[in-house]
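Asks: I need the structure of the sequence given here:
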Amino acid sequence: DADDEDLPIYILRGSPEEDHWLQQHPSKQHIRVRESPAAAATPLEQIAQAAATGDVNTIAQFAANEKHLLHQTDKNGWMPIHEAAH
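Replies: Numbers count the residues shown, from 1 in each chain. Predicted coordinates for the structure are as follows:
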């Protein structure tokens, strides 16, 4: 599954956490950087990325149009609020 070959959504590309995670998971060193964090594949990934980076405008758009995503969990059991707090 392609999702298993990517960083966990709560790890930001280019961050020290990415370096640490890749050091802890040497078999994942081949992971390629996405062109942009905004290129997330799913709406849940998009709102999680917005929460992680403090993108209030994107979160507000989702809250107005797809409110259910604010309470949806990802494959790791995290909600967007977890991303914001991390």
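Asks: which residues sit in contact with the closest residue to residue 63 other than its chain neighbours?
Replies: Once flanking residues are discounted, residue 63 sits nearest to residue 70: 6.1 Å by CB to CB, 6 or more residues apart in numbering. C-betas here are computed from N, CA, C, even on glycine. Taking CB atoms under 8 Å, 6 or more residues apart in numbering, we find residue 70 in contact with 47, 62-63, 79-81.
Asks: Same list, these, but as a markdown table with distance to residue 13 please.
Replies: Output for the contacts of residue 70, formatted as a markdown table (distance: CB to CB, whole Å):
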| residue | distance to residue 13 |
| --- | --- |
| 47 | 17 |
| 62 | 21 |
| 63 | 25 |
| 79 | 21 |
| 80 | 18 |
| 81 | 21 |
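Asks: Now do the nearest residue in space to residue 71 that is not next to it in sequence, the pLDDT please.
Replies: Leaving aside its chain neighbours, residue 71 sits nearest to residue 79 (6.1 Å; criterion: CB to CB, 6+ apart). Looking at residue 79, its pLDDT reads 90.
Asks: Residue 79: neighbour count?
Replies: 18 (other CB atoms under 10 Å).
Asks: Check residue 49 too.
Replies: 22.
Asks: could you dump the contacts of residue 70 to CSV with distance to residue 56 and secondary structure?
Replies: Supplementary listing: these in CSV, determined by distance: CB to CB, whole Å; DSSP: H, G, I helix; E, B strand; the rest coil:
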residue, distance to residue 56, secondary structure
47, 12, helix
62, 11, helix
63, 10, helix
79, 17, coil
80, 12, helix
81, 13, helix
